[in-house]
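Peer 1: After the sequence you'll find the predicted model.
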Number of protein chains: 4
Amino acid sequence: MLKAGIIGVTGYTGMELVRILHNHPEVEITYASSLEDIGLRIGKAIPHLDKGDDLVISAFDISDAVREAEFFFVCLPHGKSMEIVGPLRDKGAKVVDMSADFRLTDPSVYERWYGPHTRKDLIEEAVYGMPELHRDRIRDAELVANPGCYPTSVILALAPLLAMDGIDNQDIVIDSKSGISGAGRGPAPGFHFPEAFGNFSAYSIAGRHRHISEMEQELSTLAGGEITLTFSPHLLPLNRGILSTIYVRPTKIESDGSLYSIYRDFYREEPFIRISDPEGPLPSLKDIRGTNEVFIGFRSDKRSRRITIVSCLDNLVKGASGQAVQNMNIMVGFPERTALDLTALHP
Amino acid sequence: MLKAGIIGVTGYTGMELVRILHNHPEVEITYASSLEDIGLRIGKAIPHLDKGDDLVISAFDISDAVREAEFFFVCLPHGKSMEIVGPLRDKGAKVVDMSADFRLTDPSVYERWYGPHTRKDLIEEAVYGMPELHRDRIRDAELVANPGCYPTSVILALAPLLAMDGIDNQDIVIDSKSGISGAGRGPAPGFHFPEAFGNFSAYSIAGRHRHISEMEQELSTLAGGEITLTFSPHLLPLNRGILSTIYVRPTKIESDGSLYSIYRDFYREEPFIRISDPEGPLPSLKDIRGTNEVFIGFRSDKRSRRITIVSCLDNLVKGASGQAVQNMNIMVGFPERTALDLTALHP
Amino acid sequence: MLKAGIIGVTGYTGMELVRILHNHPEVEITYASSLEDIGLRIGKAIPHLDKGDDLVISAFDISDAVREAEFFFVCLPHGKSMEIVGPLRDKGAKVVDMSADFRLTDPSVYERWYGPHTRKDLIEEAVYGMPELHRDRIRDAELVANPGCYPTSVILALAPLLAMDGIDNQDIVIDSKSGISGAGRGPAPGFHFPEAFGNFSAYSIAGRHRHISEMEQELSTLAGGEITLTFSPHLLPLNRGILSTIYVRPTKIESDGSLYSIYRDFYREEPFIRISDPEGPLPSLKDIRGTNEVFIGFRSDKRSRRITIVSCLDNLVKGASGQAVQNMNIMVGFPERTALDLTALHP
Amino acid sequence: MLKAGIIGVTGYTGMELVRILHNHPEVEITYASSLEDIGLRIGKAIPHLDKGDDLVISAFDISDAVREAEFFFVCLPHGKSMEIVGPLRDKGAKVVDMSADFRLTDPSVYERWYGPHTRKDLIEEAVYGMPELHRDRIRDAELVANPGCYPTSVILALAPLLAMDGIDNQDIVIDSKSGISGAGRGPAPGFHFPEAFGNFSAYSIAGRHRHISEMEQELSTLAGGEITLTFSPHLLPLNRGILSTIYVRPTKIESDGSLYSIYRDFYREEPFIRISDPEGPLPSLKDIRGTNEVFIGFRSDKRSRRITIVSCLDNLVKGASGQAVQNMNIMVGFPERTALDLTALHP
C-alpha cells in the first residue's frame, strides 16, 4: 500500500485527487495539508468527499510529511510549489508537482513568464508528465511536472501532425475554452456567480497566457524546430471541461479519412486518448466529464485549406489530478489505468 | 458473473445503469434493448458511455432477452413497463422495474392515478424496493418495484419521525425541487434549453402529482394510519439532484440534538444514508451529485413550532438507477455496496 | 428634471437603478457615490451601463451630495445605511432607503434581528414602501423604507387572503427560492461560480432569516392579529428572480375560481400585479425577468385542504430598484409607471 | 403611426420584435401570424409578453395581412420566407426579411448553400440590411434582407481592417460561439436542457455552415477581392449572445493604439458600435445582453504576428430583431435609435 500525501488538499485539484484515489486499491492517503481547515477531518471540511475517512488536515510540516507519506502530490500555485517540492525532494520523496514550476526545461523561459525560480537545481531531474509523449522517462522519474490543463488539450491534439511534419509549423491558431473550475477555488470578482453566469469572455489573448511557454516547448520538440503559437483562452460558464479548437494548414494530408488513420496509429496503445470517427459527431464536453480521457476530432476544409481539430478533456482529471494519478501509477509501477477507469457523468 | 439485461437503455435511467454497472465486478450487461439506435453499439449511440464494449442495442424480443440475460432492469414509462415485466416474469427472470407499475399495492389506487393495469396478478409478488424499509422482503423478491425519485427523498426523510409517532400526521408540507434530467430524455417545449435556462417553476402542485400515491402508501404504513400530504414539485435549471424541504409539527421532539440522535439511531446501519450534523451546513445538491446517498439535515424552529427537514439525493442514482443496483445486489446476494461506493463529482 | 443621487452605485441595486432611470424622462442622475471605483465614469467602472454618460463616481460627502442632488436612493447594507440616511434627512433631502434600517416600526424588533439602531428618531417618519398597501402614506413621505425582496414576494401574495380573513393565520408555510444576485456583488465562497453552478441549497431556515421580522410586521397588520411564519429561503443557481411557494389553510374559500376573483378584485387597479388565470400555466421566473411585476398564481387542494400560492418577481426590480423608482414616482408626483413599463427579457 | 405586421410571431425573433416594438412610439403591431397558437392573444400564448394588448395571433392570409398592416417583418426559415415575402412585395408592402432568402446577391450561390430559390426576381431589389455598411441603400429600399447573427458579429469586426487593406485577406480564422436561442424555439435532442446544460461543442466546422456565404460576399466586397474564410461555430450553454474571436495577419498595423484609432474613426458616427479601449477589459456577453450593440475589442500579438479581435452582440437583438427595427427606422424615416436605446440586463 503506497502512502500518499496531498499538499494543498482543499483546492480543486487536491479535492479531485481525493476523489480519484478513493478508488485506488494500492494507495492510501496518509497525509494532507492545507493553509485552511487545519485540524478538521477532510470529510468535515469538504462535505462532498465525506466517505467517513479519519484523515485530518494538517498545517504543512516537512518532518511530519515525510514521516507519514512516501509519495506526494503538490497542489500549490507556481512559486509556492517549489518551496515545498524542494524540501520533499531533498528528503528523497517522490513528487508529482501540479504547478508550472518544473515544467519548463529552460530556467530563463520560466523566469520570463513566471518570475524567479529558487530551485533550479531540480529542473534537470524533472520530467514533463505527459505519458503519451514521455512514458519511459516518467517511469524512472522521481519528480514529475504535471502538465497544465490547456497544454494537455493542445499538445496531444497536435502531436500526431507535428511528429509526421504534416502541417505548417508557423501557422497554428488555438482557440481554447475552459470551465471556471480551472480558475481555482478562491472567490474573485470575475468568478462571482452573478458575474459569470450566462456570460462568456476571452482573457489573456494575444500572447499573454503563461501556458504558451509550455505548449511551445513541447510542440517545438515534436516538430524539431521552433514554433510560435497564437493562443486565446476563454471562460465558459460551466464547471468542468476544456475544449480547444485548433486551426492548422496541412502540407500533406488529403482527407478526414487519412487524418483518422494518422491519429489512430499514433495513439494506438494509449488508454486515455479517444479519436472521434469522422462520420460521427464531434467530441463535446459532456462526453468526457469526470474522466481521464482526451477526446479528439477533426474536419478538413478544402475551401480554406485548413484542418480544424477539436480536443476535449476534463480540466480537473486529464487536465490535472487524473493525469497526476496516471503519472504516479507509471512512476510506482502500478497498472496505468488503476483508479482511472472512470465513466463520464452525463447528464 | 450475473448476466444482466437493460430494457430501455437509451433513456437516462438506462444510461445511468450502464455507467454504474461498468464498475460492478460480478455483473455483465449481456442484453440491451431500445426503440431507437437499434443495431448500434451502446458506445456509438451514447458517446459518453463508450468504453469500447461490443454490446449492440436490440429491438426487444422476449426470447432473445431471456436467452441472453437472467436479471433485468426495465426502464420504461408506466403502462409500457408492465407489458415487458409481465413476460419477463412469466419466463422466470428476476426484474427490477423502474416504473410506477408495481409500486402501489392497491390496484384501484394505481388505476386512479395512472390508468388501467393489465398485470394485476403480479402486484402481490412485487416488493417496494426501498432497502432501508424493506430489505428483508427484497432479499427474497423476484420482482422489485424501484421507488420514484421524489418519494425516495421524502419517505426516507420522514420515516424516523413517523416510526416514532413524533409528528402530527395530518400536517405535512413537502416542497420538492428537481433537476431536469428527471423529466427524461425526450425533448419537449418546457425542457428546451432556452426555455429552462435561468428559469424556475412549480408544476403539478396541489395534489396533482402521481408520486403522491406512492408517498402516502409508504408513509401511512410507517405511521400506522392514513396520511394525506401537501406536495409541490418544482423544476430546477440544472441536471442532477432533488432537494426536498419538508415541514412538520413535532409532538415530542425538543431540540436539533435530539432530532440528530433519532435519525442517527434509525439509520445506524445504513450504507447510503448520511445525516447532517446540526452544527454544520445543511445538505446541498453538490454534496451528493453522482452518488447513491440520501443526505438529510434539519432544524427545529421554536417560534413557529415546526421542524424543517432538508433531504438531498441524485435523482438518477439513489432516485433511480443506483437504488436499482442496490436492490439487485440484495436480491442476488452481492454485498450491498458493490459498484455503489461512488464519490460526488464536484465542482 | 429631478436631480437624483445614488449612494452605493456599484452594487447590484445601485447598478439596476442606473439601468431603470436611464429611461426616466423626468429624472437625471446627478450624484453617484461608492467606496470603490472613485473617480471613474460609471460607464467605465460598469461596462454594461456605458451609455456614454459623463457622471463620475464620488466618495460620499454630505455637502457634495445635497448640493448636487435633491432625491436620494441609498443602496447600502443595514447598519451602514442609517449613517447616510440620517444626514440626508437632516439636510431635508427625500430618501428611498433600500436597506432594512427603517422598515420595522418597532425599534426593539429591529435591534433583536439586526443590531443597534442609531437613528431611532427617523423611524416614525419612515413609510414602508409597498405601494399596493401604503400608497397614500408614500405620497406624503419624505423617507421611504423600500421593502426586502423576499417580503415583497410574500406579503403581496398573502395580502388578499389575510385582508378578508380567509385563512388560518397560524398555519402559514413559506418556501422561497432566490437567484444569487440577491446576495450582492461581493465575492464569497458560497457564491463562487464553481460552488454555486448546478447546486441548490437551503439556508437560514427555521426562523433564522431576518426578513421574517418584516413579513410578520406587515402580515400581522393586514390580519389584525399576530402572525408567526415558517420561512425557508433557498439559493437558486441563476441570477434574477424569486419564486415563493406559500402554503395556507383556507377557512372560507371553495375553488380556484373564487380565489381568482379575490385576487383580481384586490389588485384591480394595480399596475404591477399580475394574477395568473387558474386555467393557464403557473407563473415562472422567465415571465417577469427584468420587469417590475409580481406574478401570482394558486391552486387549491381539496385532498389536503390547503391552498398553494406561487409568487414570482425579479429581485432586483420589483424586489429592489424597480419598487424604489415606483416609490420615487409616487413621492414626487410622477405617473407611477414612468420608466417601469418594462418587458421581460426572455429567452 | 406605422402599422406593422409580424409573420412568425411565436418564434424567438418574432417574440423579440414584440418586446422591442412595445417601446416604439411610432409603431403599432396590427397583425401577427403564426402556425401555432392561432386565435390566442399574444400575451396568452407568450406569457412574458403579456402587457395586456389585445392583438390575436392569425393564420397567415395575404389579404388580411396587407389590409391590417403596411410594413412587415418576416420571421420564417429560409425557403419558407420567400413564399411569404413574394406576395407581400407583390402587394407593395415594405418588408424586412429575417431569413437568408434575399441576403445573397448571386442566386447560384444561394442555391449552392440553401437550395432552390423561387423568387429570384426580388433578389435585385433586396438590400443587405447592415446599416453601418449600406445605410443609404436601406433608406430607399422596400425589401431589406436582415443579416445573419454570426455574419453581423464577424463583418462589423473585420470591416475597418479590410476597408483599409490592412490585413492578409487569405488568412482569416473565425471562431464563433453562440447562445442556444440562436437555434430557434423548436425542441430538438441537442437543445434538450439536460443535454446542453454544462456542455460545449463545435458544429458545422470546416466550411459547412451556411453563414459563410453571406460573410464571404460582404467581406469580399469590402476587400475588393475574393475572400475565403475558415469559420467554426460553437454552441454555448446560455441563452443570449455571440462572441466571435477572429484571427488576422496585419500588413500595416503597428499597435493596439493604432487599431483603436482605426476602429474609432471607421465607426465614429455609428450609434450601435462600441469599441473597447485597449487598456480596459475585453468585451464580454454580459456587457451587451438585451441591447442592439456590437462591442468590439482587439489585441495585437507581436510574437505570432497576428491580431486577435473579439466581437460581441446579442444574437436576438443586433443579431436579429433589433437590427430589423433599426432597418425599419431607416426605411421609414424614424430616428434610427428609436426603441433601440436599450440598456444591458446584467446580472
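Peer 2: Arrived safely, thanks for sending.

Peer 1: For the stretch 51-200 of chain A, which residues are neighbours of chain B?
Peer 2: Residues of the stretch 51-200 of chain A lying close to chain B by CB under 8 Å from any CB of the partner chain are A:51, A:181, A:197-198. C-betas here are computed from N, CA, C, even on glycine.

Peer 1: Tell me which of these fall in strands.
Peer 2: Assignment to strands by DSSP state E places none of these there.

Peer 1: The longest helix belonging to chain A and chain C in contact?
Peer 2: With secondary structure taken from DSSP state H, chain A has its longest helix at helix A:149-163. No - between helix A:149-163 and chain C, judged by CB under 8 Å from any CB, nothing touches; the nearest distance is 13.9 Å.

Peer 1: picking that back up, now restrict the residues of the stretch 51-200 of chain A next to chain B to buried residues only.
Peer 2: Those of these that meet the buried threshold are A:51, A:181, A:197-198, by 16 or more other CB atoms under 10 Å in any protein chain shown.

Peer 1: ok so, going back, which member of the residues of the stretch 51-200 of chain A next to chain B is positioned nearest chain C?
Peer 2: Taking CB to the nearest CB as the measure, chain C sits nearest to A:Ser181 out of those, at 4.5 Å.

Peer 1: how close does the closest one get to chain D?
Peer 2: A:Ser181 sits 11 Å away from chain D, going by CB to the nearest CB, to the nearest Å.

Peer 1: Tell me the pLDDT of that residue.
Peer 2: With respect to pLDDT, A:Ser181 scores 97.

Peer 1: who's in contact with the one residue in chain A that gets nearest to chain C?
Peer 2: Nearest residue of chain A to chain C, counting by CB to the nearest CB: A:Pro187, 3.7 Å away. If a contact means CB atoms under 8 Å, 6 or more residues apart in numbering or on different chains, then A:Pro187 has C:187-189, C:191-192 as its contacts.

Peer 1: For A:Phe193, see how far away it is.
Peer 2: Distance, A:Pro187 to A:Phe193, by CB to CB, to the nearest Å: 10 Å.

Peer 1: again with A:Thr10
Peer 2: In terms of CB to CB, A:Thr10 sits 20 Å off from A:Phe193.

Peer 1: Please tell me how far the residue nearest to A:Phe266 when sequence neighbours are not counted sits from chain B.
Peer 2: Nearest residue to A:Phe266, sequence neighbours excluded (CB to CB, 6 or more residues apart in numbering or on different chains): A:Pro160, at 3.8 Å. Distance of A:Pro160 to chain B, computed by CB to the nearest CB: 20 Å.

Peer 1: Which parts of chain A belong to which domain?
Peer 2: What automatic domain parsing lists as the domains of chain A is A:2-125, A:150-315.

Peer 1: measure the last one end to end?
Peer 2: Here the two ends of domain A:150-315 are set 8 Å apart, with distance taken as CA to CA, to the nearest Å.

Peer 1: how about A:Ile6, secondary structure?
Peer 2: Following DSSP: H, G, I helix; E, B strand; the rest coil, the label given to A:Ile6 is strand.

Peer 1: need the strands for chain A, in chain order.
Peer 2: Here chain A has its strands, by DSSP E, at A:2-7, A:27-33, A:71-74, A:94-97, A:127-128, A:143-145, A:173-179, A:201-202, A:230-236, A:242-248, A:273-275, A:294-301, A:306-313.

Peer 1: B:Tyr31 is nearest to which of those?
Peer 2: strand A:273-275 (25.5 Å; CB to CB).

Peer 1: what about that closest one, near chain D?
Peer 2: No - using CB under 8 Å from any CB, strand A:273-275 stays clear of chain D, coming no nearer than 15.2 Å.

Peer 1: ok, now how distant is the residue of chain A closest to chain C from A:Gly179?
Peer 2: 16 Å.

Peer 1: same question, A:Ala188
Peer 2: Taking CB to CB as the measure, A:Ala188 falls 15 Å from A:Gly179.

Peer 1: more crowded one of the two?
Peer 2: For A:Ala188 and A:Gly179, the more surrounded residue by other CB atoms under 10 Å in any protein chain shown is A:Gly179, and the numbers stand at 28 against 12.

Peer 1: residue contacts, the more buried one?
Peer 2: Contacts of A:Gly179 by CB under 8 Å, 6+ apart are A:236, A:238-242, A:285, A:315, C:194.

Peer 1: Mind checking which of those residues are in helices?
Peer 2: Using DSSP H, C:Pro194 are the members of these that sit in helices.

Peer 1: quick one, phi psi at whichever residue of the stretch 201-347 of chain A sits closest to chain B?
Peer 2: Going by CB to the nearest CB, chain B is nearest to A:Ala344 of the stretch 201-347 of chain A, at 3.8 Å. The phi/psi pair for A:Ala344 (degrees, to the nearest 10) reads phi -60, psi 140.

Peer 1: And the residue nearest to it when sequence neighbours are not counted, how far from B:Arg119?
Peer 2: Nearest non-adjacent residue to A:Ala344, counting by CB to CB, 6+ apart: B:His48, 3.8 Å away. Distance from B:His48 to B:Arg119, counting by CB to CB: 34 Å.

Peer 1: Comparing those two, which shows the higher neighbour count?
Peer 2: Taking neighbours as other CB under 10 Å, B:His48 and B:Arg119 compare with B:His48 leading, 24 against 18.

Peer 1: shouldn't the more buried one be in contact with A:Gly290?
Peer 2: No - counting by CB atoms under 8 Å, B:His48 stays clear of A:Gly290, with 9.3 Å between them.

Peer 1: any shared contact partners between the two?
Peer 2: Contacts common to B:His48 and A:Gly290, judged by CB under 8 Å, 6+ apart, are A:343-344.

Peer 1: hmm, back to that, from the buried ones among the residues of the stretch 51-200 of chain A next to chain B, which is closest to chain D?
Peer 2: Once CB to the nearest CB is applied, the member of those that ends up nearest chain D is A:Gly198, at 4.5 Å.
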